[in-house]
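Colleague: got a structure for you, letters missing:
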């Protein structure tokens, strides 16, 4: 049966791959995007694209209303939207620290809280939060990003305990370095340095992250909740 799925930040990179995987599986997928125009591929997949800045509570509410009108209540939420503002801590401004937490953590809180309303009434639901290996391993110059992504683990595990009796699961996928526009823009030396730290010796493909999300959103994962699934080529093992 086709489910109503929302993927935040689903217009590019990992989010787009997740939207594609769930749409290919037969779900009705909506995505949010903050700026620019969503790729034509989304329309071809039958996905609904809704402009929404998840740092704005009113925009989040309006996005949900639009999605519910088109697809019904959200049954699967993938909270993927996030930003980076990297800088060494002595040079990091309060604004840059707060902006990353506002999007990556507080924005996730907003979209999860709104989805949980319908999931609780239906007594079923799937929530998948996209964290990062950096949230477990740490990364110099990313104290804001790492803090926001580490916080998602505690968030998910608390939510799993809170909502588990209603057949709602909440899990975390922690990607490593992924072959996206962002990583391709890095200098070759930096790319080689990153790959050299990964036991499997390569970046992940966005589709490999999407496969883990699709599994956690499926019936096969009905007894998995509060889990952190690393898709990082072994980079963060032991954490």
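Modeller: Structure received. This one's a predicted model, so the numbers in the text were calculated from it and none came from an experiment. Numbering: from 1, shown residues only.

Colleague: gap between the spatially most central residue of the chain and residue 13?
Modeller: The centroid of the chain falls nearest to residue 80 when counting by C-alpha atoms, centre = their mean (2.0 Å). Separation of residue 80 from residue 13 (C-beta to C-beta, to the nearest Å) stands at 9 Å. Any C-beta I mention is one placed from the backbone N, CA and C, and that applies to glycine too.

Colleague: now for the helix-or-strand element of the chain with minimal mean pLDDT, which elements pack on it?
Modeller: Using mean pLDDT, DSSP states H and E, the weakest-scoring helix or strand in the chain turns out to be helix 181-184, at a mean of 79. Helices and strands touching helix 181-184, as assessed by 3 or more C-beta pairs under 8 Å, 6 or more residues apart in numbering; DSSP states H and E, are absent.

Colleague: Show me what counts as buried in it.
Modeller: Of the residues in helix 181-184, those with enough neighbours to count as buried (16 or more other C-beta atoms under 10 Å) are residue 183.

Colleague: same question for the lengthiest strand in the chain, mean pLDDT?
Modeller: As assigned by DSSP state E, the longest strand anywhere in the chain is strand 168-175. Strand 168-175 shows a mean pLDDT of 98.

Colleague: Parallel or antiparallel, which strands does it pair with?
Modeller: Using DSSP bridges, the strands paired with strand 168-175 are strand 125-130 (parallel), strand 228-231 (parallel).

Colleague: Single out the most deeply packed of these.
Modeller: Compared across the strands paired with strand 168-175, strand 125-130 shows the largest average neighbour count, a mean of 26 (mean count of other C-beta atoms under 10 Å).

Colleague: coming back round to it: so for residue 169, which of the strands paired with strand 168-175 sits nearest?
Modeller: strand 125-130 (5.7 Å; C-beta to C-beta).

Colleague: Outside of the closest one itself, list whatever touches it.
Modeller: 14-15, 74-80, 82, 108, 112, 115-116, 118-119, 152, 155-156, 159, 163, 166-173, 175, 209, 213, 216-217, 221 (C-beta atoms under 8 Å, 6 or more residues apart in numbering).

Colleague: Mark which of those are part of helices, please.
Modeller: Among the contacts of strand 125-130, the members found in helices (DSSP state H) are 14-15, 108, 112, 115-116, 118-119, 152, 155-156, 159, 163, 209, 213, 216.

Colleague: Farthest pair within the residues you listed?
Modeller: Largest pairwise distance in these, by C-beta to C-beta, is 25.7 Å, between 118 and 209.

Colleague: ok, for residue 103, nearest residue in space, not its chain neighbours?
Modeller: residue 83 (4.8 Å; C-beta to C-beta, 6 or more residues apart in numbering).

Colleague: That neighbour: how many residues sit nearby?
Modeller: Close neighbours of residue 83, defined as other C-beta atoms under 10 Å, add up to 17.

Colleague: tell me the contacts of it?
Modeller: By C-beta under 8 Å, 6+ apart, the residues touching residue 83 are 99-100, 103-104.

Colleague: ditto for residue 173
Modeller: Counting by C-beta under 8 Å, 6+ apart, residue 173 touches 128-131, 209, 212-213, 216, 229, 231.

Colleague: redo that, cut-off 7 Å
Modeller: Residues near residue 173 by C-beta atoms under 7 Å, 6 or more residues apart in numbering: 128, 130-131, 209, 212-213, 216, 229, 231.

Colleague: before we move on, the earlier item: and of the ones in helices among the contacts of strand 125-130, the nearest to residue 135?
Modeller: The closest of these, once distances to residue 135 are taken by C-beta to C-beta, is residue 152, at 6.8 Å.

Colleague: between residue 118 and residue 209, which one's more packed in?
Modeller: The residue with more neighbours, out of residue 118 and residue 209, is residue 209; 27 against 18, by other C-beta under 10 Å.
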